[in-house]
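K.L.:
Provided below for reference: sequence and predicted model.
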Amino acid sequence: MAYIAFNDIVKTYQMGEISIQALDHAQFEIAQGELVCILGPSGAGKTTALNILGGMDTATSGQVLVDGVDITQLKNKALINYRRNDIGFVFQFYNLIQNLTALENVEMAVQLTKDSFSPAETLEKVGLAARQNNFPAQLSGGEQQRVAIARALAKNPKLLLCDEPTGALDYHTGKQILSLLVDTCRQEKITVIIITHNSAIGQIADKVIKFKNGRVEAIQKNDQPLAVEAIEW
Ligand SMILES: Nc1ncnc2c1ncn2[C@@H]1O[C@H](COP(=O)(O)OP(=O)(O)OP(=O)(O)O)[C@@H](O)[C@H]1O
């Protein structure tokens with residue numbers, strides 16, 4: 001059985017009289033420890049799929065299996081626990097709490113989590129040992145994204161879900177963040193899923209899932225993913 005199976009997922013948003021079909025029988029599988037890129041044009045359903053996978057949104061129909069559990073069947077408390085313990089999220093604009101330091105941002109995330117890692121050690125791992133007591137406004141964009149990645153990783157999640165993690169960063173900083181995500185996937189054996197508009201980034205992944213109009217248009221497997229240094233855009 002696949003580690004993650006997104007089976008025949010439909011997601012309809014009802015806006016008054018109008019219904020928007022964000023996902024239209026979308027289907028894919030992901031193996032444990034795989035590095036996956038989700039590509040596709042704006043409005044294709046990428047974020048909706050990631051949010052459903054992370055328990056932040058619910059499917060209208062279909063089944064989402066994660067490590068043997070159908071998360072579409074989880075009710076209130078169980079869904080909250082899934083989100084808290086199993087999922088790390090990384091967003092385009094970091095979503096850090098501005099009046100907490102880097103360390104406090106990470107500490108807050110692990111407070112409610114079981115089996116978490118030390119916040120200080122996790123910040124050290126992402127290269128921010130010296131910046132722990134800085135507030136987000138005192139850090140560069142790349143550093144803020146490192147804090148956000150540390151915040152997600154300190155929870156010791158099964159899945160690291162990243163929505164346009166380099167979208168707000170310059171070329172070099174973006175590459176550094178991608179390297180950190182690749183290293184995390186390879187060294188910690190965490191399944192990492194990255195949404196991007198940038199098809200060049202797909203070359204670093206084990207698998208590329210292409211979305212179009214709410215459907216999975218193509219799935220490509222890379223037997224020899226490229227190193228981040230080897231890709232250009
Ligand atoms: N909460 C919502 N309520 C209503 N419609 C929504 C909601 N979230 C998403 N949609 C719609 O669902 C469709 C898919 O949106 P989604 O954000 O998943 O696309 P995307 O591929 O991530 O796009 P982008 O690359 O621009 O972020 C779009 O038409 C969007 O307007």
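P.N.:
Everything's here; your move. On a predicted model such as this, the values are computed, not experimentally measured, just so you know.

K.L.:
tell me the SS of the residue positioned nearest the centre of the chain?
P.N.:
Ranked by distance to the mean C-alpha position of the chain (Cα atoms, centre = their mean), the top residue is residue 161 at 1.2 Å. Assigned with DSSP: H, G, I helix; E, B strand; the rest coil, residue 161 falls in the strand class.

K.L.:
and for residue 50?
P.N.:
Quick answer, by three-state DSSP: residue 50 is helix.

K.L.:
could I get the pLDDT score of it?
P.N.:
Listed pLDDT for residue 50 reads 98.

K.L.:
for residue 128, same thing?
P.N.:
Looking at residue 128, its pLDDT reads 96.

K.L.:
likewise residue 114?
P.N.:
Predicted confidence (pLDDT) for residue 114: 88.

K.L.:
now swap in the one 3 residues further on and tell me
P.N.:
If you check residue 117, the pLDDT there is 95.

K.L.:
touching, it and residue 156? I think so.
P.N.:
Yes: the criterion here is Cβ atoms under 8 Å, and residue 117 meets it with residue 156 at 5.5 Å. C-beta here means a position set from N, CA and C on the backbone, and glycine is covered the same way.

K.L.:
one step back: residue contacts, the residue nearest to the centre of the chain?
P.N.:
Residue 161 sits next to 50, 53-54, 87-90, 193 when contact means Cβ atoms under 8 Å, 6 or more residues apart in numbering.

K.L.:
what about 6 Å?
P.N.:
50, 54, 89, 193 (Cβ atoms under 6 Å, 6 or more residues apart in numbering).

K.L.:
out of those residues, who has the most neighbours?
P.N.:
Using other Cβ atoms under 10 Å as the neighbour test, these are led by residue 193, with 26 neighbours.

K.L.:
what about residue 120, helix or strand, and which?
P.N.:
helix 119-125 (DSSP states H and E).

K.L.:
hey, what's the closest residue to residue 186 other than its chain neighbours bridged with?
P.N.:
Leaving aside its sequence neighbours, residue 186 sits nearest to residue 35 (Cβ to Cβ, 6 or more residues apart in numbering; 7.8 Å). Beta-bridge partners for residue 35, by DSSP bridges, are residue 192.

K.L.:
my guess is residue 35 contacts residue 203. True?
P.N.:
No: between residue 35 and residue 203 there is no contact under Cβ atoms under 6 Å: 11.1 Å.

K.L.:
just to revisit the earlier point, please compute how far the helix holding residue 120 lies from its chain's middle.
P.N.:
19 Å (Cα atoms, centre = their mean, to the nearest Å).

K.L.:
what are the buried residues along that helix?
P.N.:
119-120, 122-123, 125 (16 or more other Cβ atoms under 10 Å).

K.L.:
number of residues surrounding the residue nearest to residue 101 when sequence neighbours are not counted?
P.N.:
Counting by Cβ to Cβ, 6+ apart, residue 133 is the residue found nearest to residue 101 once chain neighbours are left out, at 5.1 Å. Neighbour count of residue 133, defined by other Cβ under 10 Å: 10.
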